[in-house]
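> sequence first, predicted coordinates after that:
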Amino acid sequence: MTRDTFLFLSAFLASGVEMVEALTIVLAVGVTRGWRSTLIGAGAAALVLAIVVAILGPAVSALPFDVLRIVVGGLLLVFGLQWLRKAILRASGFKALHDEDAIYRRQLAEASTRTPAEASTAGPATGRLKVDGYGFTLAFKGVLLEGLEVVVIVLTFGAGQHQLGLAAVAAACAVLLVAAAGAAIRAPLARVPENTLKFVVGIMLTAFGLFWGAEGAGAHWPGSDAALLVLVPVVALWALTLTALLRRRHATGLAA
Amino acid sequence: MGRVRAFAAFWYDFVFGDDWLLALVVAVGLAATYGLAQAGLAAWWLLPIAVAVAVPVSLWRAVRRARPGESR
């Protein structure tokens, strides 16, 4: 139960954060280049991602469980530490905060300054049925790149616990929620506390990665599954302590 | 060739991210945990300690690279 809850929350939050970023790109391209090509591009990327999951899912699940756990644990831990490191640097002021509004404005400017001649190299959008190659490519790449990270996280989470279905449902809920919110407000979801969410996801991925990685390598946690209930707050406390120390250092640097 | 390089760069960035040190510590930590477990010793503590040390070191490397007062 503990593992399932953590798994669902982690897969949901990680997918949600990545999809907020994909949505920003899709909105910017859609507003400037037209919705038809943009939605076809985003849909094509979603199709490619579904094929990747369909191929890799059974292949990953077929691996021996111990091998799977050590690989999955290691990957989750590496991802978690990367997210956490970035989140701590952002929270302490050593790295600029992720700003969806600013990214949206930049994407808008880039997409709208493409001349028709430039755009036509990737396929003109002159006819009703023709696809704007630039809009298609931008939306396709945006959704594919953000989605690939979600796919790897969902696959590793799901396979590590033989709960691929649950992880996929969590990711699908996040995708639907973000898409519905985007369609409703037609603006980047700037109010989503993305940096805070990334901090939380980093903590979850790190705690899960530590647990599965060590278990896969043959270690036995005191208290078995209950160790996760200790690992999550301990990782959170450690991350918050490091953030506070770095904040102080950043403030001292500014004052000097 | 360009696409192969882009593909490799994508996966390198995916696994190693901004600091390869973290991936190295995880790999070595997992191998050491495996070694301890095979020797019949308690091994669960090793990976958390390795990570608890590696994260501040990685942060310190990032902060050292950033100029004081500058957000990247």
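Alright, I've got the coordinates.
> CA only for contacts and neighbour counts going forward, please
Fine.
> which of the three states applies to the nearest residue to residue A:78 once chain neighbours are set aside?
Leaving out its chain neighbours, the residue that sits closest to residue A:78 by Cα to Cα, 6 or more residues apart in numbering or on different chains is residue B:23, at 5.7 Å. Judged by DSSP: H, G, I helix; E, B strand; the rest coil, the three-state class of residue B:23 is helix.
> my guess is residue B:23 contacts residue B:14. True?
No: applying Cα atoms under 8 Å as the test, residue B:23 and residue B:14 come out as separate, 10.7 Å apart.
> what sits against the spatially most central residue of chain B?
Geometric centre of chain B, nearest residue: residue B:22, 1.0 Å, by Cα atoms, centre = their mean. The neighbours of residue B:22, taking Cα atoms under 8 Å, 6 or more residues apart in numbering or on different chains as the test, are A:78, A:81-82, B:16, B:51, B:54-55, B:58.
> mind doing that once more with 10 Å?
By Cα atoms under 10 Å, 6 or more residues apart in numbering or on different chains, the contact list for residue B:22 reads A:77-79, A:81-82, A:85, B:15-16, B:28, B:50-51, B:54-55, B:57-58.
> and those residues, which of them are buried?
A:77-79, A:81-82, A:85, B:15-16, B:50-51, B:54-55, B:58 (16 or more other Cα atoms under 10 Å in any protein chain shown).
> check those residues and tell me the two furthest apart.
Spanning the widest gap among the buried ones among the contacts of residue B:22 are B:15 and B:50, at 18.2 Å by Cα to Cα.
> what about residue A:215, neighbour count?
23 (other Cα atoms under 10 Å in any protein chain shown).
> same question, residue A:106
Residue A:106 has 14 neighbours, counted by other Cα under 10 Å.
> sorry, back to before: more crowded one of residue B:23 and residue B:14?
When residue B:23 is set against residue B:14 and neighbours are counted by other Cα under 10 Å, the residue ahead is residue B:23, at 21 against 17.
> that one contacts residue A:74, correct?
Yes: between residue B:23 and residue A:74 there is a contact under Cα atoms under 10 Å: 8.5 Å.
> ok, which stretches of the stretch 51-200 of chain A are helices?
Along the stretch 51-200 of chain A, counting by DSSP state H, counting those that start in this stretch, helices occupy A:65-92, A:100-112, A:116-120, A:133-160, A:164-185, A:194-216.
> name the helices or strands packed onto the last one?
It refers to helix A:194-216. helix A:2-33, helix A:65-92, helix A:133-160, helix A:227-255, helix B:20-38, helix B:46-65 (3 or more Cα pairs under 10 Å, 6 or more residues apart in numbering or on different chains; DSSP states H and E).
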